[in-house]
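> predicted structure and sequence below. I'll ask about it afterward.
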Amino acid sequence: MCFLVMMISFLVRIAWANAATKAGHDLSLTATMLGAFITAFFSGYVITNTMAGMAVDRYGAKRTVCVSLIPLAASVAAFGAIQNMTHGLMAQFMMGLSAGLDFAATTKLAAGWFPIHERGRAFGILSTASSSSLIIANLLFPNIIEHKSWHALYYALGGAVVGVAVLCLVVIRDSPTEPGIDKAAIASENYLTTVVSLLRDRDYVFLTIVFFGALWGTWGVIFWSNALMVKGHGFSNVVAGEITTLIGIGGFFAKPSYGWISDILPFRRKTMLFPCFVGFVAILLLFGAATSEWEFLVLAPFVGIFTFVCQPLLVAMLTEIVGKRNVGTASGIMNALGQSSTIIAPLIVGSAFQATHSFFGAFAALAVGPSLGAVFILLIRECKKKRK
C-alpha cells in the first residue's frame with residue numbers, strides 16, 4: 001500500500017513532464033513558464049512536508065495518508081480544467097500541498113515494520129514507485145495525450161487517486177509502536193523542540209544536504225528530459241517518452257538490488273553512496289553531450305541507474321541516524337528541505353536552456369546537485385551497521 005501511495009503521488013507530478021509541450025502550446029507558455037508549474041507544485045509540497053512528519057508521529061500514518069488523498073484527487077482533476085496560467089499555478093500548488101504527506105507517512109510505516117538489516121531492500125522496493133511511475137507515465141501518457149487530450153489525462157489521474165484512497169482506508173495498518181516509546185509523550189512533545197534537536201545533529205543536517213543534491217539531479221532528469229529532447233533535438237514526444245522509459249527501467253532494477261546489497265555487505269552505507277554520486281555526475285554530463293537517438297537509447301538505462309539508486313540508501317541512513325521515535329518528523333523536514341531543490345532546479349534549467357539553447361548546458365546544471373551530494377556524504381559520521 002505504501003508503494004501504491006507513492007506511485008500515484010509520483011504519477012501525478014510526472015504527468016506534467018508529458019503534458020508540458022501540448023499544454024504549453026495551448027496556453028502559450030514559454031520554457032520558463034513551464035518550469036514555474038513544477039515550482040508551484042513543489043512549493044506546496046515543501047510547505048506540507050515541514051509539518052507532515054509531526055502529523056504522522058502524532059496521529060498515525062494511516063490517518064494522515066487517507067486524509068491527504070481526497071484533496072489531491074480534487075486538485076488533480078481541477079488542473080485538467082484550467083484555461084490559463086494563473087489557474088494552473090493554483091491547482092499545482094494545491095496538488096503539492098495535498099501530496100506532501102506521502103514521504104513521511106510511508107517512511108514511518110516502513111521503518112516500523114522492518115528491522116535495520118532489512119531496510120535497504122524495503123526502501124529499495126518502496127522507492128521503485130518513482131521509477132515504476134516513470135515507466136508507466138512514458139508508456140501510457142503520451143498516447144493518452146495524443147489520442148485524447150492532456151485534460152483527459154488529469155481527469156483520469158484524479159479518479160485513480162480516489163481508488164487508492166479507498167484501498168488505503170481498507171487495507172493500511174499503522175506500524176507497531178517500538179517498546180519504550182510513549183505515544184502520548186510524542187503527542188504532547190513540543191514541535192519546535194524536536195526540530196531544534198534534529199537541526200543540532202550535524203549528521204542529520206549533512207544527510208539533508210546530500211538529499212537536496214540527489215533530488216536536484218533526480219527531479220531535473222524526470223521533469224526536463226522529455227521537454228529538452230523535444231525542444232533541443234527535435235525528437236517526437238513518443239521517442240522522448242521511449243528514452244525516458246528506459247531511464248525508469250534502469251532505476252526500477254537498480255534501487256531494490258542495490259538496497260539489498262547494502263543490507264548484506266559489511267560496508268557503511270556512505271561508502272556505497274559516494275561512488276553512486278560520482279557516477280551520477282558523470283552520466284549526466286555524458287547524456288547531455290549525446291546527439292543522436294541511438295546514443296540516448298544506449299545511455300538512458302545508465303542514467304536511470306545512477307539517478308535513482310541513491311534514494312533507498314539515503315532513507316535507510318535517515319532511519320538509522322534518528323531512530324524510530326521521531327522518524328516521521330525527521331523525514332518530513334529532510335524531504336521538505338531536500339525537495340526545495342526541485343523548486344530551484346526547474347527554473348534554473350529552464351532559464352539556462354532558454355538563454356543558451358544548449359542541451360549539454362542544461363544537464364551540466366543538473367550535475368551540480370549530485371556533485372554537492374558527493375562532497376557531503378563523506379562528512380557524515382556513520383556508525384558500523386548493527387544487524388538487529
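Yes, it's here. Numbering: from 1, shown residues only.

> which SS class is Arg381?
What DSSP: H, G, I helix; E, B strand; the rest coil gives for Arg381 is coil.

> isn't it right up against Asp201?
No. Counting by CB atoms under 8 Å, Arg381 sits too far from Asp201 to count as a contact (10.3 Å). From N, CA and C alone the C-beta is placed, and that goes for glycine too.

> and those two? Which one has more around it.
Neighbour count, other CB atoms under 10 Å: between Arg381 and Asp201, Asp201 has more, with 14 against 10.

> can you pull out the helices in the stretch 1-150 of the chain?
2-27, 31-59, 61-79, 85-99, 102-113, 116-147, 150-171 (DSSP state H, counting those that start in this stretch).

> who does the shortest one touch, helix- and strand-wise?
Counting by 3 or more CB pairs under 8 Å, 6 or more residues apart in numbering; DSSP states H and E, the packing neighbours recorded for helix 102-113 are helix 2-27, helix 31-59, helix 61-79, helix 116-147, helix 310-322, helix 327-339.

> now do the same contact list for Val238.
Counting by CB atoms under 8 Å, 6 or more residues apart in numbering, Val238 touches 142-143, 146.

> which helix or strand contains it?
Assigned by DSSP states H and E, Val238 belongs to helix 237-264.

> what's the angle between that helix and helix 2-27?
The directions of helix 237-264 and helix 2-27 differ by 150 degrees, with axes from the mean of the first three to the mean of the last three CA atoms, to 10 degrees as the criterion.

> in helix 237-264, what counts as buried?
Neighbour-count burial for helix 237-264, counted by 16 or more other CB atoms under 10 Å, picks out 237, 239-256, 258-260, 262-263.

> equivalent analysis for stretch 301-319, please.
Quick answer for stretch 301-319 (16+ other CB under 10 Å): 301-319.

> mean confidence score for that stretch?
For stretch 301-319, mean pLDDT is 85.

> and that stretch, how far from the chain's centre?
In terms of CA atoms, centre = their mean, to the nearest Å, the centre of stretch 301-319 is set 11 Å apart from its chain centre.

> what of stretch 282-293?
22 Å.

> what lies in contact with it?
Residues contacting stretch 282-293 (CB under 8 Å, 6+ apart): 217, 221, 233, 235, 239, 243, 296, 299-300, 302-303, 305-307, 359-364, 366-367, 370.

> which residues touch Leu378?
Leu378 neighbours (CB under 8 Å, 6+ apart): 270, 274.

> no further questions, thank you.
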